[in-house]
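Visitor: please find the sequence and the predicted model below.
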Amino acid sequence: MSSWMPCLVHPAHAAPSLGHPVLDDYLRFVKARVRANSLLAVAFDLKVFFEVTGREPVDVTTRDVLAFIEAQRQPRRGGNVVRIDDGEQGLSARTVKRRLSSVSGLFAFLVARGDVESNPVPRGLATRRIGRRGVPLIRAPHTLPRVLEPEEATALLGALRTQRDRAMVEAMLFGALRRCEVLGLRLEDLRLGEHRVFVADGKGGHQRLVPIAPKFFMTVAAYLADERPMTSTTDRLFVVLKGQRRGLPLSASGLDEILSGARTRAGLQHATCHELRHTCLTRLREAGMALEAVQAQAGHRSIESTRIYLHLSNSWLAEEYRRAMSVLDALPGNGEQP
């Protein structure tokens, strides 16, 4: 066992540090490859892993990895809290899977550098059938995201108190922008004549032009004319309207607080930023928008990420089923009584 214990330090304008030269080398390597939030998540995942295993990186074995998985799936909070979605008490499968991915990335780096001979995180467990892919270590469930019904969306919009708040919600509900993309919008990113906005810093650093309904631009115009402080010097579109931070860019926690208050006033049980985005993409698919166009609107790098909206779009599935059944019913002898 090692006497070293990881301590996560996150200095400004530098890579996080865990107090170990090997891990800190890896975090500096990762810093040039991922976004800031992803880097911090990797650092935290590694901190948890080495807290549980208590070993030096070069001494970690597959047995340690399997023991880590078991420890992560143990009941939390005294064992009396059960998640409704999967009935389990430990960390969710997605969280454990993400932490294993972070650990595997570390050891892939160490293998490439020659510090260790092999990656102790197995890709999966072998099966008895030859030629069949191995069983994954963690099988994460594929769940459908929740979306808002039209009356719920109307109630939420009606519960917003300012034009700024309404514009931010409309950007997600009518343009499928992510929370970080809404907060990252600059004044120069508005394409008023085209009814589009330029997303300069999307997920993974990717840029795109996104069309949004004209009502969004009307709301933004009202916000700029009546609410945005004239003394604000930031180029960010959405800023704080009052208090000590008046005129400064709105934070993610600020947007979450705004949405939480509106959700409560509207009497809704759910309406997160991501659910607003999912609602927009689902409705676009239901209206007949091609899957490739939905992919471009969402900013997905892979079409596989967009295919979920085939399942969320109930009208599309029902129409395809009715069409297929009408063909089957027309076949001779199908469904006829002898």
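Guide: Alright, I've got the coordinates.
Visitor: what are the ranges of the strands in the stretch 51-200 of the chain?
Guide: 190-191, 196-199 (DSSP state E, counting those that start in this stretch).
Visitor: format the ones you listed as JSON lines; extra columns: mean pLDDT, mean neighbour count and distance to Tyr309.
Guide: C-beta: built from backbone N, CA, C; applies to glycine. Listed next are the strands of the stretch 51-200 of the chain as JSON lines, based on pLDDT from 0 to 100; neighbours: other CB atoms under 10 Å; distance: least, CB to CB, whole Å:
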{"stretch": "strand 190-191", "mean pLDDT": "96", "mean neighbour count": "18", "distance to Tyr309": "25"}
{"stretch": "strand 196-199", "mean pLDDT": "95", "mean neighbour count": "20", "distance to Tyr309": "19"}
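Visitor: neighbours around Gly105, how many?
Guide: Counted with other CB atoms under 10 Å, the neighbours of Gly105 add up to 20.
Visitor: ok, it touching Leu39?
Guide: No: in this structure, Gly105 is not within contact of Leu39 by CB atoms under 8 Å, at 11.5 Å.
Visitor: quick check: neighbours shared by these two?
Guide: Here Gly105 and Leu39 share the contacting residues Val30, scored by CB atoms under 8 Å, 6 or more residues apart in numbering.
Visitor: mind listing what Val48 touches?
Guide: Applying CB under 8 Å, 6+ apart, we find Val48 in contact with Arg99.
Visitor: next one: the one 10 residues further on
Guide: If a contact means CB under 8 Å, 6+ apart, then Val58 has Val22, Leu110, Asp115, Val116 as its contacts.
Visitor: tabulate the residues you listed (a markdown table), appending neighbour count.
Guide: Supplementary listing: these in a markdown table, determined by neighbours: other CB atoms under 10 Å:
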| residue | neighbour count |
| --- | --- |
| Val22 | 16 |
| Leu110 | 22 |
| Asp115 | 14 |
| Val116 | 19 |
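Visitor: need these in TSV (columns: pLDDT).
Guide: TSV is the format used below for these (pLDDT from 0 to 100):
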residue	pLDDT
Val22	95
Leu110	96
Asp115	95
Val116	94
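Visitor: quick one: the helices in the stretch 151-300 of the chain?
Guide: Secondary structure of the stretch 151-300 of the chain (DSSP state H, counting those that start in this stretch): helices at 163-175, 179-183, 214-226, 252-266, 273-286, 291-298.
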